[in-house]
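K.L.:
Sequence and computational prediction follow.
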Amino acid sequence: MHISDGVLSTPVAVGTTAITAATIAYSVKGMTEEEIPKTSLMAGAFFAVSLISIPVGPSTIHPLFSGLLGVMLGRRAPLAIFVGLLLQAVLFQHGGLTTLGANTMMLSIPALISHKIFCRMTDKSVFLRGALVGALSVTITVGLLIVLLFLTDPRFGEGFMSVINILIVGHIPLVLIEALVTASALQLIQKAKPAMLVTE
């Protein structure tokens, strides 16, 4: 999802940018040359897929796949997300530069959580774990978006047809779609090339 320039208050934009800077530093630390091709490939895939967007209030609904990125890249996922979002903002005006930190944070945190969950639930099938992280990553992202909007202006949550309620309802189909697609993709990767999955 992309939050446009001017939506978030200055303190929220600055705070999320600081969190994202720390997350990117964590993501880049210790990165090896061998990790660059896969990270670049996933950044390109994320860039292309998440260009598909439907405007909903101050944000958009589009494929996220942060759960898939998290499982595939581990701690490198925030770097791929940041690069994809930066290129979208500069080349296509999707999102914004002042909200780049917020947009990156909203996807990076679910990606890192998804990776931890996927790696720890080794007693479950890859399909089940993939479905869980696919659904959970969207849910966490929407939750973070709601928090940022509410911190900016509580009026985003006022009324039955509030922006926040519309965003929640609008993302319910995406939760189901990403659960199925992530599960299927990871199951296929696990069978074809299991070495591509980051397990630590």
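P.N.:
Great, that's in hand.

K.L.:
Just the helices from the protein, written as ranges.
P.N.:
10-28, 36-49, 66-73, 77-92, 100-120, 126-152, 163-192 (DSSP state H).

K.L.:
Please identify the most buried of those helices.
P.N.:
Stretch with highest mean neighbour count among the helices of the chain: helix 66-73 (a mean of 30; mean count of other CB atoms under 10 Å). Using the backbone N, CA and C atoms, a C-beta is placed for each residue, glycine as well.

K.L.:
which helices and strands does it pack with?
P.N.:
helix 36-49, helix 77-92, helix 100-120, helix 126-152, helix 163-192 (3 or more CB pairs under 8 Å, 6 or more residues apart in numbering; DSSP states H and E).

K.L.:
out of these, which comes closest to Gly6?
P.N.:
Across these, the minimum distance to Gly6, taken as CB to CB, is reached by helix 126-152, at 10.5 Å.

K.L.:
Can you give me the distance of the residue located most distally from the centre of the chain to Ile166?
P.N.:
Among the residues of the chain, the one whose C-alpha is farthest from the average of all C-alpha positions is Gly159, by CA atoms, centre = their mean at 27.6 Å. Between Gly159 and Ile166 the distance, using CB to CB, to the nearest Å, works out to 10 Å.

K.L.:
just Arg120 next, same as before
P.N.:
As judged by CB to CB, Arg120 and Ile166 stand 34 Å apart.

K.L.:
Need the helices and strands packed on helix 66-73 in TSV (columns: mean pLDDT and distance to Thr20).
P.N.:
Written out in TSV, the entries for these read as follows (pLDDT from 0 to 100; distance: least, CB to CB, whole Å):
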stretch	mean pLDDT	distance to Thr20
helix 36-49	92	15
helix 77-92	94	7
helix 100-120	96	4
helix 126-152	95	12
helix 163-192	90	21
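
K.L.:
Would you mind giving these as CSV with distance to Leu8 added?
P.N.:
Compiled in CSV, these are given as follows (distance: least, CB to CB, whole Å):
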stretch, distance to Leu8
helix 36-49, 22
helix 77-92, 14
helix 100-120, 6
helix 126-152, 5
helix 163-192, 13
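
K.L.:
so which of those helices gets nearest Lys29?
P.N.:
Across these, closest to Lys29 is helix 77-92 (CB to CB), at 10.3 Å.

K.L.:
Tell me what angle that closest one forms with helix 10-28.
P.N.:
Regarding helix 77-92 and helix 10-28, their directions subtend 120 degrees when assessed with axes from the mean of the first three to the mean of the last three CA atoms, to 10 degrees.

K.L.:
How about the contacts made by the most centrally placed residue in the chain?
P.N.:
The centroid of the chain falls nearest to Leu107 when counting by CA atoms, centre = their mean (2.5 Å). Counting by CB atoms under 8 Å, 6 or more residues apart in numbering, Leu107 makes contact with 64, 66, 69, 81, 85, 141.
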